[in-house]
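>>> Coordinates only, no sequence provided:
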């Protein structure tokens, strides 16, 4: 007897109608009547799963009726059309075998569970319909990222997870040490002989490979020790960071726009059932939002122009909690106004004030701004951040001195400007931020399998 998955069953439905097949999976729900039973069956390979129907003519009918929700089963039966959904068949069971029992106090009973409760049982939540949808989208989006870059000749680089530098200069790093706790540790006696931490970015090492392969990308976990409990912050998250040689800021924005629209369209094409469920779960508008983005053109304004737009909006009666100011960062409410009320599209904000950006960004001739860019999208705000990198040795060295960043420790990075340097640029995108946008699920804790946040490191 052929053992198949529900995904194969859906793909071969025309061929398998009326045939006998064997499926292996779990019971999501089990409704029992006097002479008949209905099992909501799933195996995780397909979002829309067949219903298994059995009657009192089956062997061990009473024993099958006692099978609990959550149990693993093997089902052999005939594939027949469903009266509810022609695209989702039913299985008329001829045999149902218990593979693994489940007690009656199994936490995932067929009722609505809060997201907070499901976080407490994160090892079981992948079995729910919500998280089947979320993590299928995560898988498809991850593959789409690799496909996009690989098809365009980028080299995938695995940058180190343990590093001796804080590339962002913010100090929010997790120390890596083998020394016992001490107020004055002697790092010369530590494993690496110097202070080290978990990496907050792979960008700097990525730049070294871009100077050899022209186009590279990283995609891996990064770590930031920010004591923040917001919906969009986690201590461990995944980052996509391409670096491109012979690329300036305008070309970078072209790449970012093409990359995002390609990614969104791939998820729309490959996860229709999951997105249909998520659209309903999040109150509607998700598919419409993603479809609009995939077909949109991103606006482009300088930071100064953006602040001018926001300040004019205030003069015309728009209320902002935080006043938009030249030379300062924008707030979520400002990003929302720019994308949803002014441009009605994604928008690139570029040429940011130098004093609020990182040391490695290209310094513009006005001496006030750097060639940095944030991509803001409707419904989420900032999704990507990038810049043209400073490729002039003297300018980079002066900026590092100004900020107290050691050129001796970062000699290898500074040397890139001496040894055949060139115009180059790159961006970073938090994968979980993207998934919040793609799924409509608002909390970062619910788009990563096991979240790591302040006071949370379970499972």
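Cool, the structure landed. Just so it is clear, the structure is predicted and the values come from calculations on it, not from any experiment.
>>> Can you check the pLDDT for the residue lying farthest from the centre of the chain?
Ranked by distance from the centre of the chain (CA atoms, centre = their mean), the top residue is residue 57, with 48.3 Å. As predicted, residue 57 sits at a pLDDT of 95.
>>> what's the spacing between it and residue 36?
10 Å (CB to CB, to the nearest Å). Just so you know, the C-beta spots here come from the backbone N, C-alpha and C atoms, and that holds for glycine as well.
>>> got it, and residue 206?
In terms of CB to CB, residue 206 sits 60 Å off from residue 36.
>>> more neighbours, the two?
residue 206 (20 against 14; other CB atoms under 10 Å).
>>> Wasn't residue 76 part of a helix?
No: counting by DSSP: H, G, I helix; E, B strand; the rest coil, one finds residue 76 to be strand, located in no helix.
>>> Run a quick neighbour tally on it.
17.
>>> is it true that it touches residue 20?
Yes: using CB atoms under 8 Å, residue 76 is in contact with residue 20, at 6.6 Å.
>>> tell me the contacts of residue 443?
Shown in contact with residue 443 (CB atoms under 8 Å, 6 or more residues apart in numbering): 115, 231, 436.
>>> That should have said residue 136, apologies.
Here residue 136 is in contact with 47, 271, 274 (CB under 8 Å, 6+ apart).
>>> Out of the residues you listed, which sit inside helices?
If you go by DSSP state H, the contacts of residue 136 have residue 274 in helices.
>>> Kindly indicate which of the contacts of residue 136 lies nearest residue 142.
Residue 142 lies nearest to residue 271 out of these, by CB to CB, at 12.4 Å.
>>> Show me which parts of the strand ranked longest in the chain are buried, residue by residue.
Identified as the longest strand of the chain according to DSSP state E is strand 20-32. Neighbour-count burial for strand 20-32 flags 21, 22, 23, 24, 25, 26, 27, 28, 30 (criterion: 16 or more other CB atoms under 10 Å).
>>> Low-confidence regions, the stretch 101-250 of the chain specifically.
166-171 (pLDDT under 70).
>>> okay, now residue 243: neighbour count?
Neighbours of residue 243 under the rule other CB under 10 Å: 30.
>>> Can you give me every residue that contacts it?
Residues counted as contacts of residue 243 (CB under 8 Å, 6+ apart) are 203, 206, 207, 209, 210, 215, 216, 217, 424, 425, 426.
>>> quick one: residue 431 from residue 291, how far?
Distance of residue 431 to residue 291, given as CB to CB: 21 Å.
>>> Which residue of these two possesses the greater neighbour count?
Neighbours per residue, other CB under 10 Å: of residue 431 and residue 291, the larger number sits with residue 431, 21 against 14.
>>> In this structure that one contacts residue 236, no?
No: in this structure, residue 431 is not within contact of residue 236 by CB under 8 Å, at 11.4 Å.
>>> from what I can see residue 332 touches residue 379, true?
No: between residue 332 and residue 379 there is no contact, the gap being 11.4 Å when judged by CB under 8 Å.
>>> So which of the two has more stuff around it?
Counted by other CB under 10 Å, residue 332 and residue 379 do not tie: residue 379 has more neighbours, with 17 against 14.
>>> Show the contacting residues for that one.
Applying CB under 8 Å, 6+ apart to residue 379 gives the contacts 289, 339, 340, 437.
>>> And it, its phi and psi?
Per-residue torsions, residue 379: phi 90, psi -10 (degrees, to the nearest 10).
>>> quick one: it from residue 413, how far?
36 Å.
>>> now do residue 369
Residue 369 is 22 Å from residue 413, where distance means CB to CB.
>>> Could you do residue 58 as well?
Distance, residue 58 to residue 413, by CB to CB: 69 Å.
>>> Residue 185 now?
Between residue 185 and residue 413 the computed distance is 26 Å (CB to CB).
>>> Kindly report the same for residue 150.
Counting by CB to CB, the gap from residue 150 to residue 413 is 27 Å.
>>> ok, the two, which is more surrounded?
Neighbour count, other CB under 10 Å: between residue 150 and residue 413, residue 413 has more, with 19 against 12.
>>> Can you tell me what sits against the helix or strand containing residue 335?
Taking DSSP states H and E as the definition, one finds residue 335 inside helix 332-336. Residues outside helix 332-336 that contact it (CB under 8 Å, 6+ apart): 306, 310, 320, 321, 322, 324, 376, 381, 382.
>>> now those: which count as buried?
For the contacts of helix 332-336, buried by 16+ other CB under 10 Å: 306, 310, 324, 376, 381, 382.
>>> So the fourth one: helix, strand or coil?
What that stands for is residue 376. strand.
>>> Pairing partners for residue 385 in the sheet, please.
Bridge pairing for residue 385 (DSSP bridges) gives the partners residue 374, residue 428.
>>> Of the contacts of helix 332-336, which is the nearest to residue 245?
Distance to residue 245 across the contacts of helix 332-336 (CB to CB) is lowest for residue 382, with 25.4 Å.
>>> would residue 433 count as being in a strand?
No: counting by three-state DSSP, residue 433 falls outside a strand, being helix.
>>> Verify the stated contact: it with residue 381.
No: taking contacts as CB under 8 Å, residue 433 lies outside contact range of residue 381: 9.1 Å.
>>> show me what contacts the residue lying closest to residue 21 once chain neighbours are set aside?
Leaving out its chain neighbours, the residue that sits closest to residue 21 by CB to CB, 6 or more residues apart in numbering is residue 4, at 5.4 Å. Residue 4 makes contact with 12, 16, 21, 22, 23, according to CB under 8 Å, 6+ apart.
>>> Can you lay out those as TSV showing distance to residue 361 and pLDDT?
Shown next, in TSV, are the contacts of residue 4 (distance: CB to CB, whole Å; pLDDT from 0 to 100):
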residue	distance to residue 361	pLDDT
12	53	92
16	57	92
21	58	96
22	59	97
23	55	97
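>>> Now for these: which two are most distant?
Spanning the widest gap among those are 12 and 22, at 14.0 Å by CB to CB.
>>> Report the separation between residue 7 and residue 13.
To residue 13, residue 7 is 11 Å away according to CB to CB.
>>> again, but for residue 384
Residue 384 is 40 Å from residue 13, by CB to CB.
>>> again, but for residue 218
When distance is defined by CB to CB, residue 218 is 40 Å away from residue 13.
>>> so residue 93 bridges to which residues?
Beta-bridge partners, per DSSP bridges, of residue 93: residue 77.
>>> Give me the neighbour count for it.
21.
>>> repeat for residue 241
Residue 241 has 23 nearby residues by other CB under 10 Å.
>>> Who does the helix or strand containing it pair with, and is each partner parallel or antiparallel?
Here residue 241, judged by DSSP H and E, is contained in strand 236-245. Here strand 236-245 has these sheet partners by DSSP bridges: strand 215-223 (antiparallel), strand 424-430 (antiparallel).
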